[in-house]
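In: What would the 3D arrangement of this be:
(chains A and B)
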Amino acid sequence: MFDKRLVKNFNWALLGLTLLIGCCGLVVLYSSDRPGGADAVRTLFSKQLVWFGAGTLLMIGSFLFNYKQLDRWAHAIYALCILLLIGVFVLGKHAGGARRWIAVGPISIQPSEMTKIAVLIVLARYYSKVVSAEGLTFRNLIPPMLYTLVPFVLILKQPDLGTAMLILIIAGILTLFVKIKRRTLLGLLSFAALSTPLVWYFLKGYQKQRILTFLNPERDPLGTGYHIIQSKIAIGSGMMFGKGYLKGTQNALSFLPEQHTDFIFSVLAEEWGFVGTSIMVLLFFLLIIRGLQVAYGCRDPFGTILAVGLTAMLFSQVVINIAMVMGLMPVVGVPLPMISYGGSSMASVMVSLGLLMNISMRRFMVE
Amino acid sequence: MGDYLKGIDIDWFRNRVSLGMLVAIVAFVVILARLFYLQIIEGETYRALSENNSIRLQTVDPPRGLIFDAHGKLLVDNRPAFDVTLTPKDARPVQAALERLSRYAPISFDALQLQMILRKGHPPFKPLVIKPDVDRNVLAAIEVSRFDLPGISIDVKTRRQYIHNRSAAHLLGYLGEVNLDDLKKAENTGLRTGDLIGKFGIEKACDTVLRGKRGGRQVQVNASGQVMRVIKQVDAVPGKNLFLTIHHRLQQLAEALLKDAAGAVVAMDPNNGHVLALASSPSFDPNAFVSGISREAWNALVSNPDHPMENKAIQGEYPPASTYKIITAIAGLEEGVIDENTTFFCPGYYRFGNRSYRCWKKGGHGHMNVVKALTQSCDVFFYQVGQRLGVDRLAKWAHRFGLGSPTGIDIENEAAGLIPTAAWKKRRYGIRWQKGETLSIAIGQGYDLVTPLQQAVMISAVANGGIRYKPLLIRSIQSADGKETADFKKNVVDRIRLRRRTLQIVRKALFNVVNTRKGTAWRSRVEGLDICGKTGTAQVVGRKEKGTEKAPGNRSKHLKDHAWFVAYAPAEDPRIAVAVLVEHGEHGSSAAAPIARELIRYYLKAGNGGPPPDPKYKTLRQRH
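Out: Sure, this is the predicted structure:
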C-alpha cells in the first residue's frame, strides 16, 4: 500500500523553507503584538502559535492523499466554497464593517481564503483538458470566467477587496500560463481598453473618488496616505542593521496601522534593517522558485497547472503585500503568507504548500 | 504521454514554467531595489523622521451647524473655548512640566493620574486635555511663557452655546459624548470616542446634517512638539445651518406664560403645519450638558416630580377631556346620528343601564342642540351622541384628525397617545367593550389619551377645513457658505372629507365658546380678534372616587385636574392654532385659555405674526 518512493521523492527543501519562514513569522509577530506597552499580554502571539501548529497538520494532511483525486473532487470543493461564501451573508459575523467570517464552534473561519484554492483546483482541472499549443480561444475562456467571477463578486460584496482582487489576479496568471490565442488576447485587451472609459462614465462621483484614492493614497492624507508615510518611515528607519529586535518605535507607538496583519513587514524592516528584509525576501524567493520547480518536474497537465496556480497565489500575495507597505502599490488588504497574523490565511497557505509537496512527491507515479 | 493533447508535451510546459521563473526573478529584484532605496539610500532621512515621531496627524473638528429661528435669530451658536493640553512625549519629565505649569497658571493636574492615563494606553504623542475651557487670563499667562512650557499647548475648540439657556431646550436638545452603541451605527462611521453628538431634540434628529465632516493635517513637529510645517491638509467641512419654523419671541412668550406650572404649549400655522412654538415646562439648561453634566445636577433633573427632561408637548399623554367633544360633534354630524336641530334634554345627569352619568353642571343645561352643547360643554348631550355612534365610529374620526398616533414630527420620543376601539380592548384586556364606556370616551375621558401636539394638529385641521399637516420644525437647511439650500414647505398627511355644513356648525360653536356670554371661555375673549376655541378639564382622579373626596379647591396639587384649551384665530381666515395644557391647572377656562389668548394676541398684532421674511440672506450678511 505505502510506496517507499514517496519518502524518497519528498521535497525536503520545500518543507524546510516552509518551517523556516513560519518561525520567522512568529518571531516578527511577537514583536508587533505589543500595542499597550511592555506588560500587555501577547494573546495574538499565542493564538498564532496555535494556528501555525494547526497549519502544519493541515499541510501534512494535504500531501497524504494523491492529488489526482482533486481532479475528481474539483466541482464538489468549489461548490462547497461557494455555499460557504453565501452562508457568510446569512450567518456571518460582522467585524469592522465587513462580513467575512463564519463561526464554527469556538473558532471563526474565513471562507474566502479556502475559495482561492478551490478556484485554482477547478481552473486547473478545466485548463488541463482544453490546453493546446496554439492557445485558448474566447469560447474556451467562458467557463473559467464564470468560475472566477462568481466568487469574485461574492467576496467583493463582503467587502474584501484584497482577496477578491487576488482571485482575479491568480486566475489571470493561470490563464496566461496555459496560453491564450494571440487574436483572442488582443481582442480581450482592446475590449478592456475601450470599456474602461465607458465604465468610468457611469460611476458615481464618490465611487470615482474612492478609486482615485485607491490608486493614489496621497489623496487621503488622513487615512491611507498617512499609513503609507508611517510605513515608509518605519521601513526606511531600519537602515542597514535595524533598530534591534523589539526596539521598533513606529510600531510601539502604534503609528503603524494593522501592524500585526497587513503591515507586519514594516515591523520586520524597522527592527531588522536591510539585512533582515533582504534575507526574508530571499527566503520567499526560494520558496517561489521551489514551487515552480515542482511544476517543472511534474509530468501531468493537471498537476503542472495546479502547481503553477498555487505558486502564483503565494507569489502574488508576497509581492502585493511587500509592494503595498513600501508604497509601490495601492493599499489592499492582502496578508503576507505565514508572517501576517490570521488563522484562515495561515491555513490556506499551509494547504497550498502541502499540495505542492503532494504534487512533488508523486511526480514519478504514472497511472 | 497519453495525457497530452494537440501538440502539447512536457517540454511545452517546461518552457512556460521557465518563463514564470523569469517573471519571479524580475519582481523580486524590483522589491530588493526598492528596499535598498528606502533603507540604505534614504535610510538616514527616515531614521531622523522616526526618532521624534515627527510626522503626526492632527485632526481639525468641523464647526457644527448653527440653529436659527424663523426670523433668522440665532438660537444655538458655537463659541471658542480654550483647552490646555499636555503631550506626554514632549513634556518629559512630566512631573516637572506640571509643576512649572502650576507656577504660571492656576492649573493643578496630578502627575500620578497622568501616569495612570498613559498606562491605560493613551498614546504619548497625543495631546491630553488637562484643563478644559480656561478663561482669557490663564490663556494669556500660558501663551506668554510658551517657551518655558514644552509639551504644553492650547487647543482652540468650539463649544456649543445655547444662547437663550432654558428657552426651547426640549426642542433644541443637547449634545453628549458618543457611546459604543452610537458608534456601531452606519451613519456614525468616522466618529470616535470622545466626539460629541446630538443626544436629544433637534440636535439629535438633525445630527448628521449639523455635524459636518472632520478634517485634519499631517504635520512635522520639532523635538518639543511644536509644529514646524504642515505637510498636507484636508479642510473640515462645516455642518449645515438649520432655520426652524419657530418664532422665538412667541416661544419665549409661551414659556413666560407657563411660568412655574408644568405643562406644554404648541402653536402652529394652520395653513402649512409650521410649528411656531413648542414649549414644555419646566425646562432645563442644555448648556449644562456641553462639558458633561455632573451627577448631582443630573439626579436633580431626573428626580424632579415635574419631569423637566420630558418634552410634554410631544411626550405628555393626557385625556383630551371636553376638547374631544369637537371630534364627537363632527363624528355625530358626519355619520348622520345627529343634525344641527337634534336636541337632547340635560337634567344634569344621564341614566344608562343601572348607572347615572353626571354632567359637570349639577342643575343641568336644559334643552341642548349641538351648537349650544359645544358652547356650554354639556356632557349629557355628548353622552347620547357617543352612545348613538358607538366606540369604533368615534375612534375612526379621532384617528382621521390625527389623535392617538404619532404626528411624525422630526424630533424623537414622540408618544402615540391612545384612542380606544372595541378590538383594542379585546386585544389588550381580553374583555368585550362595555357600552357604558363609550359614554366616557365621548367626552374625552376613560382610555382616551392625546399629546398637546396632536391637539394642535387636530384644531389646525378644524381651522383649515380638514387638512391634516405633518408638524414641521425645520424650514430650511443651508450649507455654511450659503450656496446650497433645501427648503421644506409643507407636508400634507391627509385631507379629511367634511361636509361644509359640519364645519360651519362646529366653527360657529367654537366661536361661541369664546365670544358669547354662556361660552366656557367667555372671559378670554379679545375684542376684534375672533378667537375660536374649546376648553377642557381632564380628570386626574376618576369621577367616581371624586364624589367621596374633598371639595376640588382643597385637593392637594397633584390630584387637581389638568386644564386644556385648543384654539385658532381669527375665525375667518385663521392664521394661528394653539393647544395649551397646564398640568393640575384645574379649569381650562381659567388656567389654559388666558395663555392661548395672549399668544394669539401677540401673534396677530401687526408686525409680529404672519409668515416671516426669508431670513437666510439677511443672517448670512450679518455673519460674514
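
In: Just give me the neighbour total for the residue lying closest to B:Asp235 once chain neighbours are set aside.
Out: Spatially, and ignoring its direct neighbours in sequence, B:Asp235 is nearest to B:Gly215 (4.9 Å; CB to CB, 6 or more residues apart in numbering or on different chains). For glycine as for every other residue, the C-beta is placed from the backbone atoms N, C-alpha and C. For B:Gly215, the count of nearby residues is 17 (other CB atoms under 10 Å in any protein chain shown).

In: do the same with the one 3 residues further on
Out: For B:Gln218, the count of nearby residues is 20 (other CB under 10 Å).

In: Now that we're looking at residue 190, what pLDDT does it have?
Out: No chain was given, so I picked chain A. Looking at A:Ser190, its pLDDT reads 93.

In: my question was about chain B
Out: 75.

In: Would you list the phi and psi of it?
Out: phi 100, psi -20 (degrees, to the nearest 10).

In: Give the buried residues for stretch B:303-313.
Out: Counting neighbours by 16 or more other CB atoms under 10 Å in any protein chain shown, one finds that the buried residues in stretch B:303-313 are B:His307, B:Pro308, B:Met309, B:Glu310, B:Asn311, B:Lys312, B:Ala313.

In: So which of those residues are in helices?
Out: B:Lys312, B:Ala313 (DSSP state H).

In: re earlier: backbone dihedrals for the residue nearest to B:Asp235, please?
Out: phi -110, psi -170.

In: Relative to chain A, how far out is B:Tyr447?
Out: 43 Å (CB to the nearest CB, to the nearest Å).

In: Residue of chain B nearest chain A, please.
Out: Closest contact between chain B and chain A, by CB to the nearest CB, is at B:Tyr46 (2.7 Å).

In: Which residues are in contact with that residue?
Out: Listed by CB atoms under 8 Å, 6 or more residues apart in numbering or on different chains, the contact set of B:Tyr46 reads A:Lys232, A:Ile233, A:Ile235, A:Gly236, A:Ser237, A:Met239, B:Leu38, B:Gln39.

In: what's the farthest-apart pair in those?
Out: Largest separation among the contacts of B:Tyr46 by CB to CB: A:Lys232 and A:Met239, giving 13.2 Å.

In: sorry, back to before: ok, for the residue of chain B closest to chain A, nearest residue in space, not its chain neighbours?
Out: Closest to B:Tyr46 by CB to CB, 6+ apart is A:Gly236, at 2.7 Å.

In: And the pLDDT at that neighbour?
Out: 92.

In: Check B:Arg621 too.
Out: pLDDT, read off for B:Arg621, is 37.

In: on that earlier part again, same list, the contacts of B:Tyr46, but as a markdown table with distance to A:Lys181 and neighbour count please.
Out: Listed next are the contacts of B:Tyr46 as a markdown table, based on distance: CB to CB, whole Å; neighbours: other CB atoms under 10 Å in any protein chain shown:
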| residue | distance to A:Lys181 | neighbour count |
| --- | --- | --- |
| A:Lys232 | 42 | 20 |
| A:Ile233 | 48 | 27 |
| A:Ile235 | 43 | 32 |
| A:Gly236 | 46 | 28 |
| A:Ser237 | 50 | 28 |
| A:Met239 | 50 | 21 |
| B:Leu38 | 42 | 26 |
| B:Gln39 | 44 | 28 |
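
In: Could you point out which of those is nearest to A:Ala124?
Out: A:Ile235 (36.1 Å).

In: residue contacts, that closest one?
Out: Contacts of A:Ile235 by CB under 8 Å, 6+ apart are A:Phe265, A:Ser266, A:Ala269, A:Glu270, A:Thr277, A:Val325, A:Met326, B:Leu35, B:Leu38, B:Gln39, B:Tyr46.

In: Longest helix in the chain, please.
Out: No chain specified, so I'll use chain A. Max-length helix for chain A by DSSP H is helix A:264-297.

In: ah, I was thinking of chain B
Out: Every helix in chain B considered (DSSP H), the longest is helix B:10-36.

In: Below-threshold pLDDT in the chain: ranges please.
Out: With no chain named, the answer covers chain A. A:1-2, A:33-42, A:93-98, A:249-259, A:366-367 (pLDDT under 70).

In: looking at chain B here, not the other one
Out: Using pLDDT under 70, the flagged stretches of chain B are B:1-7, B:120-121, B:223-225, B:541-557, B:606, B:609-624.

In: Can you tell me the closest non-neighbouring residue to the residue nearest to the spatial centre of chain B?
Out: Among the residues of chain B, the one closest to the centroid is B:Gly201, at 2.4 Å (CA atoms, centre = their mean). Nearest residue to B:Gly201, sequence neighbours excluded (CB to CB, 6+ apart): B:Gly173, at 2.3 Å.
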